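Chemist: no sequence on hand, only this structure:
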């Protein structure tokens, strides 16, 4: 785990509508399931966030948001979420906030098919 992290919040939203939040502050890690009725604290059984997520996460304040997002996704070990909101406060006082949105594979596939059809018409 990076010693540079003072506070970290990672919110994940999945295609089925489920939302989870991981909150790390002062060496304490808490996981919440976000529902219409409010946030429910749950145990981390490794299904949403790997149990060793914080151990795998190696980020520092000198990294840009893109590099931090790559490290967060790598530490998650799974990019099946449709959206992730990340907020990091480092011990030097700097803060980074960003959002990661899943790529739309279906739209890309359709665009590739259209390109192939265009190529065939050109022949």
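Modeler: Yep, it's here. Given the structure is predicted, the values throughout are model-derived calculations rather than measurements.
Chemist: first-to-last residue distance for stretch 41-58?
Modeler: Terminal residues of stretch 41-58 lie 25 Å apart, using C-alpha to C-alpha, to the nearest Å.
Chemist: check contacts around the residue minimising distance to the centre of the chain.
Modeler: Centroid check for the chain by C-alpha atoms, centre = their mean gives residue 84 as the closest residue, at 4.1 Å. Neighbour list for residue 84: 10, 11, 12, 13, 72, 73, 99, 100, 101 [criterion: C-beta atoms under 8 Å, 6 or more residues apart in numbering]. In short, each C-beta sits where N, CA and C put it, glycine included.
Chemist: again, only this time at 10 Å
Modeler: Applying C-beta atoms under 10 Å, 6 or more residues apart in numbering to residue 84 gives the contacts 10-13, 69, 72-73, 76, 98-102.
Chemist: so which of these belong to helices?
Modeler: Per DSSP state H, helices hold the following members of these: 69, 72, 73, 76.
Chemist: now list the buried members of those.
Modeler: 69, 72, 76 (16 or more other C-beta atoms under 10 Å).
Chemist: so residue 49 touches residue 76, yeah?
Modeler: Yes: counting by C-beta atoms under 10 Å, residue 49 sits close enough to residue 76 to count as a contact (6.9 Å).
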